[in-house]
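S.K.: Predicted coordinates and the sequence they were generated for:
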Amino acid sequence: MISPKMFDALNDQIKHEMESAYIYLSMVGYFHSRNLDGMAHWLRVQVHEETIHGMKFFDHLTSRGAQPVLKDLKQLKTTWKTPLEPWKDAYAHEQFITGKIHNLLKIARKENDYTAEPLLNWFVNEQIEEENNTDKICRQMAMIGTSKEGLYMLDRELAARVYPAGSPFDPLAYNVAP
Ligand code: OFO
């Protein structure tokens with residue numbers, strides 16, 4: 001049985017994860033419009049990953065007999081002044097998500113929700129990678145500065161990111177083992 005406080009916080013997190021997908025999808029459009037298709041590709045893979053994150057919380061609720069309540073997504077930024085800016089926003093957004101995950105764990109502990117803890121611990125670790133990925137790209141972009149060659153090379157490198165296998169909606173592929 002999920003407490004009302006935990007239920008609400010988990011629904012909020014579904015929204016935050018789906019918002020992450022939506023924010024990165026907006027950046028995909030921006031990078032295609034700037035002919036930086038490798039960066040757009042990297043972010044498409046990220047949209048896929050964020051959808052998996054949202055579905056992990058969604059399936060956590062359904063597997064505990066609760067019906068998820070989907071909330072409104074917020075208005076999005078659709079343009080940036082330089083190719084560096086979306087990456088800075090992405091890093092700041094991942095830091096925001098880390099704060100949300102830590103807060104969820106705090107609530108789970110207060111509510112004695114031991115069932116949610118393995119899932120939340122998975123996300124605590126995942127956020128290390130999520131922050132590091134976007135921070136690293138920010139640092140690489142800062143090193144490149146205004147070099148067009150550097151931007152071209154990094155764009156080519158980011159084009160190599162591989163999609164996780166399977167559908168983000170397949171609970172067997174992505175849920176945390178019980
Ligand atoms: Fe990017 O980690 Fe989920 O939101």
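M.R.: Right, received. Where do you want to start?
S.K.: hey, let's count contacts and neighbours off CA atoms from now on
M.R.: Fine.
S.K.: Determine the number of other residues adjacent to Val28.
M.R.: Using other Cα atoms under 10 Å, Val28 has 25 neighbouring residues.
S.K.: okay but it is in contact with Ala40, surely?
M.R.: Yes - with contact defined as Cα atoms under 8 Å, Val28 counts as touching Ala40 (4.4 Å).
S.K.: Point out the other helices and strands that the strand or helix carrying His16 packs with.
M.R.: Assigned by DSSP states H and E, His16 belongs to helix 4-33. Under the contact criterion of 3 or more Cα pairs under 8 Å, 6 or more residues apart in numbering; DSSP states H and E, helix 4-33 touches helix 37-63, helix 84-110.
S.K.: With mean pLDDT, mean neighbour count and distance to the ligand as extra columns, can I get those helices in CSV?
M.R.: As requested, those are arranged in CSV below (pLDDT from 0 to 100; neighbours: other Cα atoms under 10 Å; distance: least, Cα to the nearest ligand atom, whole Å):
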stretch, mean pLDDT, mean neighbour count, distance to the ligand
helix 37-63, 97, 21, 5
helix 84-110, 98, 18, 5
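S.K.: Now those helices in TSV, please, with extra columns for distance to Asp12.
M.R.: What follows is the helices and strands packed on helix 4-33, written out as TSV (distance: least, Cα to Cα, whole Å):
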stretch	distance to Asp12
helix 37-63	10
helix 84-110	9
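S.K.: So which of these is nearest Leu154?
M.R.: Proximity to Leu154 (Cα to Cα) singles out helix 37-63 among the helices and strands packed on helix 4-33, at 8.1 Å.
S.K.: need the contact list for Leu151.
M.R.: 141, 144 (Cα atoms under 8 Å, 6 or more residues apart in numbering).
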